[in-house]
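Visitor: sequence first, then the predicted structure, then my questions.
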Amino acid sequence: MAILECENLTLAYDSNIIIDKLSFKVNKGDYVCIIGVNGSGKSTLVKAILGLKNPSQGTIAYGDKLAKTQIGYLSQQNESHKDFPASVLEVVLSGCLNHKKISPFFPNSLKKIARDQIKLLELEPIAKKSFQELSGGQRQRVLLARALCSTQSLLLLDEPVSGLDPGVTELMYKTVKDLNDKGMTIIMVSHDVRAAIRYSSHVLHLDKDQSFFGTKDEYLKSDKAKRLLKGDVCFH
């Protein structure tokens, strides 16, 4: 079942076309990694999927009863993230805002969702800590739990391991893969080609000349992948 489908999607700023006539489909349970050089349109595509950028042409369709507001989103580390004056539990709970009716209080049902995500990501020992006191890796796991509160079906991750040390990066990748193994559909933007190939089921390689979308095995057989992997390329 398709959870997201882009058809002949063109994205532009004024007359500058960033992505031209792109078509791909993400099925429930897929793990799609989006790669490409700077300027290839990765961030613009993320904005479009989240409903923050309107297509110049083409369509983005959501399936499996998914709404744009029900996509869990996690961006790369940002200095502003460090300044949340809240506890871990409060930060995670804020991910439930899309489910909350107009009220200054969170009902117990939403508090349970937050606590469940904290438990799932093994954050219980730091649940009462201030978010500002956490390490970079801990903050990203907390923000991942927050993103999970927004969705039951699709996580969109924009270079979530950027700036993390290798050990924390590997743990983050394994955590996301575990979520995928449990049924969560994943779309991850990555600059790390080898990690993309290792963990993903599908690869979307954005390119101004000709983009590629297909399974991991199909990508490995493509000339585009062979040229990249020959040089052990990592996009920045």
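Guide: Structure's in. What do you need? Residues are numbered from 1 along each chain as shown.
Visitor: just the pLDDT for Glu79.
Guide: As summarised for this prediction, Glu79 has a pLDDT of 57.
Visitor: can you tell me the closest non-neighbouring residue to the residue most central in space within the chain?
Guide: Central residue check for the chain by Cα atoms, centre = their mean: the C-alpha nearest the mean position is that of Leu157, 1.5 Å away. Leaving aside its chain neighbours, Leu157 sits nearest to Met188 (4.3 Å; criterion: Cβ to Cβ, 6 or more residues apart in numbering). All C-beta spots, glycine's among them, are computed from the backbone N, C-alpha and C.
Visitor: what's the longest helix belonging to the chain packed up against?
Guide: In the chain, with assignment by DSSP state H, the single longest helix is helix 166-181. If you count contacts as 3 or more Cβ pairs under 8 Å, 6 or more residues apart in numbering; DSSP states H and E, helix 166-181 packs onto helix 136-148, strand 154-158, strand 185-189, helix 193-199.
Visitor: sorry, back to before: isn't the residue nearest to the centre of the chain up against Val189?
Guide: Yes: A contact is recorded between Leu157 and Val189 when judged using Cβ atoms under 8 Å, the distance being 6.8 Å.
Visitor: sketch out the low-pLDDT regions of this structure for me.
Guide: Low-confidence segments of the chain, defined by pLDDT under 70: 78-83, 99-105, 231-236.
Visitor: quick one: stretch 19-34 to chain centroid distance?
Guide: Computed by Cα atoms, centre = their mean, to the nearest Å, the separation of stretch 19-34 from the middle of its chain amounts to 12 Å.
Visitor: export that stretch as PDB, just CAs?
Guide: Output in PDB follows, covering the C-alpha atoms of stretch 19-34 (Å, rounded to 0.1, in the frame of the first residue of the first chain):
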ATOM      1  CA  ILE A  19      13.500  19.300  -9.000                       C
ATOM      2  CA  ASP A  20      12.000  18.500 -12.400                       C
ATOM      3  CA  LYS A  21       9.200  15.900 -13.000                       C
ATOM      4  CA  LEU A  22      10.200  13.500 -10.300                       C
ATOM      5  CA  SER A  23       8.100  10.400  -9.700                       C
ATOM      6  CA  PHE A  24       8.400   7.900  -6.900                       C
ATOM      7  CA  LYS A  25       6.300   5.800  -4.600                       C
ATOM      8  CA  VAL A  26       6.800   4.900  -0.900                       C
ATOM      9  CA  ASN A  27       5.000   1.900   0.300                       C
ATOM     10  CA  LYS A  28       4.000   1.100   3.900                       C
ATOM     11  CA  GLY A  29       7.100  -0.400   5.600                       C
ATOM     12  CA  ASP A  30       9.700   0.900   3.200                       C
ATOM     13  CA  TYR A  31      12.900   2.500   4.300                       C
ATOM     14  CA  VAL A  32      13.800   5.100   1.600                       C
ATOM     15  CA  CYS A  33      17.100   6.900   1.800                       C
ATOM     16  CA  ILE A  34      17.400  10.200  -0.200                       C
END
